[in-house]
Structures are given as C-alpha cells and as structure tokens.
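Visitor: 3D, please:
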Amino acid sequence: MLKHLSDYWALARAMIRALLRDTTDDRGYATETVVVTALLVAAALAVVAIIIGKVMEKANGITF
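Guide: Residues are numbered from 1 along each chain as shown. Okay, the predicted model is just below:
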C-alpha cells in the first residue's frame, strides 16, 4: 500500500513539474491575444453604437 502511495506521489510531482515547465514559455502569445481581444472589443462597441444610433433614429421618427 505504501509503495502505491509513493508511486502516485512521484507521478503527481512529475506532472506538476511538467505543467510548470510548459507555462513559463509563452513566447509572446499572451500579448498577441490581449491585442486581438482589445481590437475585437473595440469593433463590437462600434457596431453596438451604430445599431443604437439607427434604432434611436427610427424611434424618434415614430409619430402617433
């Protein structure tokens, strides 16, 4: 039983080391993702502003 726990512990340590080693080398991917996301958000805000402007124009043109 103790041998199994020792093996599991060694496996867990190796997996944690591998995960830590893989996450330290992003090669600028995070920066690129942030820039692309910011551009997409800006484009979405522009589209929403255009749609709101058109809806408000139509709503102001309604007469009873």
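
Visitor: could you give the mean pLDDT of the helix or strand hosting residue 49?
Guide: Assigned by DSSP states H and E, residue 49 belongs to helix 29-60. The average pLDDT within helix 29-60 is 92.

Visitor: now do stretch 14-23
Guide: Averaging pLDDT along stretch 14-23 yields 76.

Visitor: burial of residue 47, as a residue count?
Guide: A total of 10 residues lie near residue 47 under the criterion other C-beta atoms under 10 Å. Placement of C-beta: from N, CA and C, glycine included.

Visitor: and it, how close does it get to residue 39?
Guide: 13 Å (C-beta to C-beta, to the nearest Å).

Visitor: so which helix or strand takes in residue 13?
Guide: In the assignment (DSSP H and E), residue 13 maps to helix 2-23.

Visitor: how far out from the middle of the chain is that helix?
Guide: 28 Å (C-alpha atoms, centre = their mean, to the nearest Å).

Visitor: ok, now stretch 36-53?
Guide: On C-alpha atoms, centre = their mean, the centre of stretch 36-53 falls 17 Å from the chain's centre.

Visitor: and if you look at stretch 32-42?
Guide: Using C-alpha atoms, centre = their mean, the mean C-alpha position of stretch 32-42 is found 10 Å from that of the whole chain.

Visitor: I'd like the numbering to begin with 444 instead of 1 from here.
Guide: All set: I'll call the first residue 444, so the last point we hit is now stretch 475-485.

Visitor: what's it in contact with?
Guide: For stretch 475-485, there are no surrounding residues in contact (C-beta atoms under 8 Å, 6 or more residues apart in numbering).

Visitor: ok, residue 486 to residue 453 distance?
Guide: 50 Å.

Visitor: revised request: answer the last question for residue 498.
Guide: From residue 498 to residue 453 the distance is 63 Å (C-beta to C-beta).

Visitor: go on, residue 481?
Guide: From residue 481 to residue 453 the distance is 43 Å (C-beta to C-beta).

Visitor: how many residues are close by residue 505?
Guide: Residue 505, neighbours per other C-beta under 10 Å, totals 6.
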